[in-house]
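**Student:** Sequence first, then the predicted structure:
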2 protein chains.
Amino acid sequence: MSKNLTKREEDYSKWYNELVVKADLAENSGVRGCMVIKPYGYAIWEKMQAELDRMFKETGHSNAYFPLFVPKSMFEAEEKNAEGFAKECAVVTHYRLKNDESRPGKLMVDPNARLEEELIVRPTSEAIIWSTYKNWVQSYRDLPLLINQWANVVRWEMRTRLFLRTAEFLWQEGHTAHATKAEAIEESEKMMQVYAEFAENFMAIPVIKGLKTESERFAGAVETYCIEALMQDGKALQAGTSHFLGQNFAEAFDVKFTNQEGKQELVWGTSWGVSTRLMGALVMTHSDDNGLVLPPNLAPIQVVIVPIFRTDEELDAISAVANELLTQFKKLRISVKFDNRTTQKPGFKFAEWELKGVPVRIAIGPKDLENRTFEVARRDTLTKEVIAKEGAVQHISDLLEQIQKDLYNRALEFRNTHITEVNSFEEFKDVLDNKTGFVSAHWDGTPETEEKIKELTKATIRCIPLDRKEEEGICVFSGGKSTGRVLFAKAY
Amino acid sequence: MSKNLTKREEDYSKWYNELVVKADLAENSGVRGCMVIKPYGYAIWEKMQAELDRMFKETGHSNAYFPLFVPKSMFEAEEKNAEGFAKECAVVTHYRLKNDESRPGKLMVDPNARLEEELIVRPTSEAIIWSTYKNWVQSYRDLPLLINQWANVVRWEMRTRLFLRTAEFLWQEGHTAHATKAEAIEESEKMMQVYAEFAENFMAIPVIKGLKTESERFAGAVETYCIEALMQDGKALQAGTSHFLGQNFAEAFDVKFTNQEGKQELVWGTSWGVSTRLMGALVMTHSDDNGLVLPPNLAPIQVVIVPIFRTDEELDAISAVANELLTQFKKLRISVKFDNRTTQKPGFKFAEWELKGVPVRIAIGPKDLENRTFEVARRDTLTKEVIAKEGAVQHISDLLEQIQKDLYNRALEFRNTHITEVNSFEEFKDVLDNKTGFVSAHWDGTPETEEKIKELTKATIRCIPLDRKEEEGICVFSGGKSTGRVLFAKAY
């Protein structure tokens, strides 16, 4: 297996694009901006989905499904939301093709099958869902509505990159309705917390929890909570958002309830989502020049066993031992693959599983059978050890936990050493250009300064950290007053 | 809880429509022909998905994801398939909206954002998937490709009904590629078998396995295998199909491989799918005038516990016992709900859970606490018994298995008594009009006769059963020769 993977130092962006394709995660399709998620990539996404879905259900949410299409008049009802997404909407205008008489065997849009009202392919589902909630909510007894949807959405992006920015992507979108403002805010914060726990415990990615500034907020939200991660190239990536929608959508879609005092009130809303973009974050946080590095909690294959043999007899003897291991691993719910292909050499297999990021590799040769040992290699550190057969499965089970922790700690260390406090715009630019990462700086709170800084440096305010110190300061750009630092970074 | 459900005898179709809405399975949306699948309905679909997904993986398949959109030129490549779906395609022609200057706050399609090539919203994914397979297959070593996709698809149906026929629906579609014809046929048959097992063991619906006639075949298939079920009103419902595609798509998309002898060959294909239509089959097979009847293997709530109390003290005492039960049920992975709402009376709760088809209801009152007993009611038979507290959980676990079997057997009995052999067209029409169900009749094998019979009776050939007897006979309509009986029915 020849990898020929570009090195991160040479060209990080190229390394990423190559890796996603070579590790069989995804590829570009014949449809502009849309990707194909390949089985190996999809298996990781399925593990993400399973954990997130469990967490959503544990916090009281149910899944449901709403239409892919949104009629234009419904789409435009919440004006800010509509304005925010109008420029990147796929629009269905016709419902039939017919034979193209001038080109035998070809089809054309049937001009007689024009829709009376155009349908927008959902870029997000607030409009369709709130138009439904109107009929579901009459009394305070009907609240809260705690609903999640797993779906595909479409945003017509002009410049796309696998997982990070695609015209169609997969995501989950939670949409909840509440009787009080406090309860809706609590829900938005809770789901941000769920995302943070998922990122940290499963993806092994440390995240900063914060609020978006007005200009970075979700279109139609009163407040956007976010989790921000840092990639190995020092660029930030928004890994999940949770929006407090106030009564904006309730007002636009006339969703009212009768409260305990018998009075009509508008409902309070939230929405929150993470997408296949997380796949990009996963790749860019842990992987190296040899390929993917997957945290054990999300690896479709956690352990691979590679036999080293020259004869059929040797393979048989090794297989017997490997099958014992398989049985034991399965009892511990550790997913393991015995790569007994006879068409490939061990070196090829080693490189292939390295490229695909399998956390632990066990090699078994005739010598190991004699000595009752295995050679165990860690993908993350590329280190090897020889361990005794007795207790090997428990050892490896512990090792998987250790790898999960180590990956998190390594990413945390990197992230923490890439948050730099600056007190002047010179320093600000210097950090962005050289050290990269998050720049912690005072900002005067105006969208004008934010915009100006973005123009000059390409850095945006990633978030106002929830745990920031309140401290008086002076905006690094305008010299205006500030009450605390915010985090800037160049971002995906 | 007032149910006011129309009776099946009065108007079966109305009964179905009402039940789907009242039992909180689904409802029509504000988008023509598209439904909202509500949380309770979606929970059943999730159980179906989980079992099917497990079965697909056990038979060697992996999930992946392909684009929602198909460029028109790709769509039309396999001509028969394109022709079959062209009349019901949603077509995306633009990628942007803009402000409508003449109507402040409103949006319009931006005429400057017309796509160079129209995109079809997938009605099925053969085209996009085979255009991808072209790059995935070079050698016989790359085969077979065994891939499944869970997705939404759109077919612009003019007359829609919740679950049974909707413009957008959810489904899974398997798409496999093989080196030999025999292997592809084996795959199509295997997946039909998987569907049959799922229908029988989980949905408790007996099905007839068969082949479609040419005119009922999937557009682009060489052979379509199907499973056909019978609803309580005597109409048939196609519950799943598995297609042997021959080399049709390989030819259209130029998917070739180098065989073991070093020669280039076209790949052989299959595709197979089941959809949210199964929800309709589930409802129509088992439910009654009181509401849903769900087979325990697919019920989101298998057991509901309703406390009968007048005072808080009574509720507390009952809750203590109920909580013991909850713990024991959870150990057996039986999903149970303790309905301890104080806002509703027991009678209301009984009716509600009856409507929602929960297989077993346990009622616990103060008398039961004294006597160490429970009242247990079966949803399917509407019978009650009083059982001892000791051993109650095991008793109910066994009862759930019994209910699953009984539902299947009842449906089987109904289905078997509704297959009628006829030998004349008079008999044929008489059975369809009065007894309903499947009519087993000789047919001359021509599409003309099939079409004529359909015109005269609305009955179509549901399938040529795989296990039919080879016997010489005379077509009931034309008098032409036949080599075996086929099954006709009116169908959903």
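**Tutor:** Structure received.

**Student:** Can you list the buried residues in stretch A:190-203?
**Tutor:** Residues of stretch A:190-203 classed as buried by neighbour count (16 or more other C-beta atoms under 10 Å in any protein chain shown): A:K190, A:M191, A:M192, A:V194, A:Y195, A:A196, A:F198, A:A199, A:E200, A:F202, A:M203. Glycine gets a C-beta too; all of them are placed from N, C-alpha and C.

**Student:** Just those residues: which are in helices?
**Tutor:** In helices, defined here by DSSP state H, the members of the buried residues of stretch A:190-203 are A:K190, A:M191, A:M192, A:V194, A:Y195, A:A196, A:F198, A:A199, A:E200.

**Student:** tell me the pLDDT at the second one?
**Tutor:** In this case it means A:M191. Looking at A:M191, its pLDDT reads 98.

**Student:** ok so, going back, quick one: which of the ones in helices among the buried residues of stretch A:190-203 is nearest chain B?
**Tutor:** Closest approach between those and chain B, by C-beta to the nearest C-beta: A:M191, at 17.4 Å.

**Student:** will you turn the ones in helices among the buried residues of stretch A:190-203 into JSON lines that also has distance to B:I362?
**Tutor:** Converted to JSON lines, those look like this (distance: C-beta to C-beta, whole Å):
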{"residue": "A:K190", "distance to B:I362": "33"}
{"residue": "A:M191", "distance to B:I362": "35"}
{"residue": "A:M192", "distance to B:I362": "39"}
{"residue": "A:V194", "distance to B:I362": "33"}
{"residue": "A:Y195", "distance to B:I362": "38"}
{"residue": "A:A196", "distance to B:I362": "40"}
{"residue": "A:F198", "distance to B:I362": "36"}
{"residue": "A:A199", "distance to B:I362": "41"}
{"residue": "A:E200", "distance to B:I362": "41"}
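
**Student:** Assign the residue of the stretch 151-300 of chain A found nearest chain B to helix, strand or coil.
**Tutor:** Of all residues in the stretch 151-300 of chain A, A:W156 sits closest to chain B, at 4.2 Å by C-beta to the nearest C-beta. Three-state assignment for A:W156 (DSSP: H, G, I helix; E, B strand; the rest coil): coil.

**Student:** helix, strand or coil for A:G240?
**Tutor:** With three-state DSSP as the criterion, A:G240 reads strand.

**Student:** oh sorry, the question was meant for A:R32
**Tutor:** At A:R32 the chain is in coil, as set by three-state DSSP.

**Student:** Pull the contacting residues for it.
**Tutor:** Counting by C-beta atoms under 8 Å, 6 or more residues apart in numbering or on different chains, A:R32 touches A:A167.

**Student:** May I have the phi/psi pair for it?
**Tutor:** The phi/psi pair for A:R32 (degrees, to the nearest 10) reads phi -50, psi 120.

**Student:** One more: A:V20?
**Tutor:** Backbone torsions for A:V20, taken as degrees, to the nearest 10, come to phi -60, psi -40.

**Student:** and the residue nearest to it when sequence neighbours are not counted, how many neighbours does it have?
**Tutor:** Once flanking residues are discounted, A:V20 sits nearest to A:L162: 4.7 Å by C-beta to C-beta, 6 or more residues apart in numbering or on different chains. As a burial measure, A:L162 scores 23 neighbours (other C-beta atoms under 10 Å in any protein chain shown).

**Student:** how about A:L162, what does it touch?
**Tutor:** Applying C-beta under 8 Å, 6+ apart, the residues contacting A:L162 are A:N17, A:V20, A:V21, A:L25, A:A26, A:E27, A:N28, A:M35, A:G280.

**Student:** again, only using 7 Å
**Tutor:** A:N17, A:V20, A:A26, A:N28, A:M35 (C-beta atoms under 7 Å, 6 or more residues apart in numbering or on different chains).

**Student:** Likewise for A:I120?
**Tutor:** Contact analysis of A:I120 by C-beta under 7 Å, 6+ apart lists A:F69, A:V70, A:K72, A:F75, A:C89, A:V91.

**Student:** Tell me where the stretch 151-300 of chain A has strands.
**Tutor:** Secondary structure of the stretch 151-300 of chain A, counting by DSSP state E, counting those that start in this stretch: strands at A:168-178, A:208-211, A:223-230, A:236-246, A:256-258, A:264-266, A:268-275.

**Student:** Could you dump those into a markdown table with mean pLDDT and mean neighbour count added?
**Tutor:** Below are these laid out as a markdown table (pLDDT from 0 to 100; neighbours: other C-beta atoms under 10 Å in any protein chain shown):
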| stretch | mean pLDDT | mean neighbour count |
| --- | --- | --- |
| strand A:168-178 | 98 | 23 |
| strand A:208-211 | 98 | 21 |
| strand A:223-230 | 98 | 26 |
| strand A:236-246 | 98 | 25 |
| strand A:256-258 | 98 | 17 |
| strand A:264-266 | 98 | 13 |
| strand A:268-275 | 98 | 26 |
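
**Student:** Now distance to chain B too, for those strands, in a markdown table please.
**Tutor:** Converted to a markdown table, the strands of the stretch 151-300 of chain A look like this (distance: least, C-beta to the nearest C-beta, whole Å):
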| stretch | distance to chain B |
| --- | --- |
| strand A:168-178 | 5 |
| strand A:208-211 | 28 |
| strand A:223-230 | 23 |
| strand A:236-246 | 19 |
| strand A:256-258 | 15 |
| strand A:264-266 | 20 |
| strand A:268-275 | 12 |
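
**Student:** picking that back up, go ahead and confirm the residue of the stretch 151-300 of chain A closest to chain B touches A:E88.
**Tutor:** Yes. In this structure, A:W156 is within contact of A:E88 by C-beta atoms under 7 Å, at 4.2 Å.

**Student:** anything in contact with each of those two?
**Tutor:** Both A:W156 and A:E88 are contacted by B:R96, under the criterion C-beta under 7 Å, 6+ apart.

**Student:** ok, these two, which is more surrounded?
**Tutor:** Between A:W156 and A:E88, counted using other C-beta under 10 Å, A:W156 has the larger neighbour count: 23 against 17.

**Student:** Now do the contacts for that one.
**Tutor:** Counting by C-beta under 7 Å, 6+ apart, A:W156 makes contact with A:E88, A:C89, A:A90, A:A167, B:Y95, B:R96.

**Student:** Most neighbours among those, which one?
**Tutor:** A:C89 (27 neighbours).

**Student:** for it, phi and psi?
**Tutor:** A:C89 has phi and psi values of phi -100, psi 130 when expressed as degrees, to the nearest 10.

**Student:** how close does it sit to B:V422?
**Tutor:** A:C89 is 56 Å from B:V422, where distance means C-beta to C-beta, to the nearest Å.

**Student:** And the one helix or strand A:L399 maps to, what's buried?
**Tutor:** Following DSSP states H and E, one finds A:L399 within helix A:392-416. Buried residues in helix A:392-416, counted by 16+ other C-beta under 10 Å: A:392-393, A:396-397, A:399-400, A:403-404, A:406-408, A:410-411, A:414-415.

**Student:** List just the nearest of these to chain B.
**Tutor:** A:L400 (22.0 Å).

**Student:** From A:E427, how far out is the closest one?
**Tutor:** From A:L400 across to A:E427, the span is 42 Å (C-beta to C-beta).

**Student:** residue nearest the centroid of chain A?
**Tutor:** Nearest to the mean C-alpha position of chain A, counting by C-alpha atoms, centre = their mean, stands A:L278 at 1.6 Å.
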